[in-house]
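**Q** give me coordinates for this.
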Amino acid sequence: MRRKGNAEGADTKATSNAGNANVLADFLLLLFKIVLVVLFFVILFTCVFGITQVRDNSMAPAFREGDLVIYYRFDRTYNVQDAIALSVDGETEVRRVVAVAGDEVDMKKDGLAINGNMQIESNIYTQTLPYVDGITFPVTLADDQVFVLGDNRTESRDSRIYGPVEKKATRGKVVTCIRRRGF
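**A** Model prediction:
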């Protein structure tokens, strides 16, 4: 009888060791999957998409201070009304494209004129006037340039100050906004 008891004890130890090995293998597999998912998102948000925080109210009400903006890095074919992320003086800003290559931009006492036509912008709630210390108008855009303005025109630092933006200074087209406060 003693032998049988010892054999059962050995079987229990073997089963326990096999169970521990399975738990360890499952844990390592889970850890590997987590690392792969994290690596996927790191690559996705460093190569394909970018993310930035809106630092001022120059794009209000569309984008407010504190909002997170996700932009797509590979699409540099901008159209009028596209919101884009761009680099100005080492800072990332979000602005709206109002004119593209070949367009003539002029600021008149009545507001913004593109190619001689006064613009009626339904989503802009402030006047569009030139800045005293800004560029001189009219401006004709080259092939690789866009003219950008903030939606909140009275508080925006935009192409009226620093002129047309080279496409290589842009980071990409905004695809979504994550509102962080003031829902």
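**Q** all helices for this structure, in order.
**A** 2-43, 159-162 (DSSP state H).
**Q** where exactly do the strands run in this protein?
**A** 49-53, 68-72, 83-88, 91-99, 104-108, 111-114, 117-118, 139-140, 145-149, 165-166, 170-178 (DSSP state E).
**Q** so of the ones you listed, which one's packed in deepest?
**A** Most buried of the strands of the chain by mean neighbour count (mean count of other CB atoms under 10 Å) is strand 145-149; its value is a mean of 24. Bear in mind the C-beta positions are built from the backbone N, C-alpha and C, glycine included.
**Q** what strands line up against that strand, and which way round?
**A** Using DSSP bridges, strand 145-149 pairs in its sheet with strand 91-99 (antiparallel), strand 165-166 (antiparallel).
**Q** out of those, which is closest to residue 113?
**A** strand 91-99 (10.1 Å; CB to CB).
**Q** avg pLDDT for the closest one?
**A** Across strand 91-99, pLDDT averages out at 96.
**Q** that strand to strand 49-53, inter-axis angle?
**A** Angle between the axes of strand 91-99 and strand 49-53 is 110 degrees (criterion: axes from the mean of the first three to the mean of the last three CA atoms, to 10 degrees).
**Q** contacting residues around strand 91-99?
**A** Strand 91-99 is contacted from outside by 52, 54-55, 58-59, 62-63, 69, 78-87, 105, 112, 114, 119, 141, 146-151, 156-159, 171, 174, using CB atoms under 8 Å, 6 or more residues apart in numbering.
**Q** including distance to residue 40, could the strands of the chain go into JSON lines?
**A** Listed next are these as JSON lines, based on distance: least, CB to CB, whole Å:
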{"stretch": "strand 49-53", "distance to residue 40": "12"}
{"stretch": "strand 68-72", "distance to residue 40": "16"}
{"stretch": "strand 83-88", "distance to residue 40": "22"}
{"stretch": "strand 91-99", "distance to residue 40": "24"}
{"stretch": "strand 104-108", "distance to residue 40": "42"}
{"stretch": "strand 111-114", "distance to residue 40": "42"}
{"stretch": "strand 117-118", "distance to residue 40": "47"}
{"stretch": "strand 139-140", "distance to residue 40": "43"}
{"stretch": "strand 145-149", "distance to residue 40": "32"}
{"stretch": "strand 165-166", "distance to residue 40": "32"}
{"stretch": "strand 170-178", "distance to residue 40": "18"}
